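Asks: my questions concern the predicted model and sequence given below.
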Number of protein chains: 2
Amino acid sequence: MGQLIHLSEAVSLAIHCLALVSVSEKSLNASTMARHLGASRNHLAKVLQQLVKHNFLSSTRGPGGGFTMRKAPGEITLYEIYELMEGKPEIEYCMAHGNECPFSGCVYGNIREKLTEEFVAFFRQRKISDIIPAIKPS
Amino acid sequence: MGQLIHLSEAVSLAIHCLALVSVSEKSLNASTMARHLGASRNHLAKVLQQLVKHNFLSSTRGPGGGFTMRKAPGEITLYEIYELMEGKPEIEYCMAHGNECPFSGCVYGNIREKLTEEFVAFFRQRKISDIIPAIKPS
DNA sequence: TGTATTTAGGTATTTGAATGCGCAAATATA
DNA sequence: TATATTTGCGCATTCAAATACCTAAATACA
């Protein structure tokens, strides 16, 4: 149903790819990763491009090419990746249209702010290196 | 930007309307509420239909018609309304496609489950009657 | 009875994310 | 140098959710 906590597939792909590249001895190409993750090669390619552009990955073209890490997995927090792919998490005013809400305080209290903060705190503390142990031996 | 905590406008409209109808002495029509909330009359009408169908509101057509409460505002939790409009909040498996994730535990840990539970707990405890005091005198 | 008002509900349009596609650029290797 | 491989990147398409529109049905009231 409607996802309350919304994490796009792009974020998910980025995080998984960084971990996979981290543990790979040689460079990993997009097709291989797409196959492993059961994801669209095209979508994944877009995500990888972003990660290259922002210096998380290096890419090499041509046969045997692919992607390698440019930063150590211990230096990359999940939050950095989240923000790169989705932007800063913002709380939208609930009546987005005219801000003339006839209520003096938000009917949601500050639950959204609170949950967002918890999420950010968790993602800031968690690093790519933390998720590497979860990779199944292929 | 991408909303991390996603609450649709439909949920928001439903909650606000129930509070407005609760404090209204006579029946409130869709156009009036739309004006007060600065929202689309059409969208709001859909939301109100749902609330009628599920016995939160009664409706009467024709001149002077509109909506009146069918349940007491102290008997309606925000969660009921959320679930009515959005369905139960589910955690999607992050690689939605093939569930052959090459990771043994979810890279997100259980943060999404935890945040969802917090949200649900908050929304279950909060009632329409709790937000009525926040209505600005018009 | 006629008319204006208002909800009901089906259908259409819009929007944004995801996905697909095609070609250019780079490069390894035969 | 030719060829196969692989990324880079812009554009087109698809898909689902959100939103808008349109007409029918009901009802109050003159």
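Replies: That came through fine.

Asks: for residue B:73, see how far away the residue lying farthest from the centre of chain A is.
Replies: Centroid-distance maximum for chain A: residue A:102 at 37.0 Å, with Cα atoms, centre = their mean. Between residue A:102 and residue B:73 the distance is 16 Å, computed by Cβ to Cβ, to the nearest Å. Placement of C-beta: from N, CA and C, glycine included.

Asks: likewise residue A:56?
Replies: Taking Cβ to Cβ, one finds residue A:56 at 50 Å from residue B:73.

Asks: who's more crowded, the two?
Replies: Each of residue A:56 and residue B:73 has its neighbours counted (other Cβ atoms under 10 Å in any protein chain shown); residue A:56 has more, 24 against 18.

Asks: so residue A:68 is in contact with residue A:27, correct?
Replies: Yes - taking Cβ atoms under 8 Å as the definition, residue A:68 is a contact partner of residue A:27 at 4.8 Å.

Asks: now for those two: what residues contact both?
Replies: A:21, A:60 (Cβ atoms under 8 Å, 6 or more residues apart in numbering or on different chains).

Asks: can I assume residue A:132 is in contact with residue A:22?
Replies: Yes - the criterion here is Cβ under 8 Å, and residue A:132 meets it with residue A:22 at 5.9 Å.

Asks: shared neighbours, these two?
Replies: residue A:73.

Asks: more neighbours: the two, which one.
Replies: Neighbour count, other Cβ under 10 Å: between residue A:132 and residue A:22, residue A:22 has more, with 20 against 17.

Asks: contacts only, for the more buried one.
Replies: By Cβ under 8 Å, 6+ apart, the neighbours of residue A:22 are A:69, A:73, A:128-129, A:132.

Asks: from residue B:109, how far out is residue A:13?
Replies: Residue A:13 sits 18 Å away from residue B:109, going by Cβ to Cβ.

Asks: quick one, which of the two is more surrounded?
Replies: Applying other Cβ under 10 Å to residue A:13 and residue B:109 shows that residue A:13 carries more neighbours, namely 25 against 15.

Asks: nearest residue to that one in space, please, no chain neighbours.
Replies: residue A:47 (4.7 Å; Cβ to Cβ, 6 or more residues apart in numbering or on different chains).

Asks: many thanks, have a good one.
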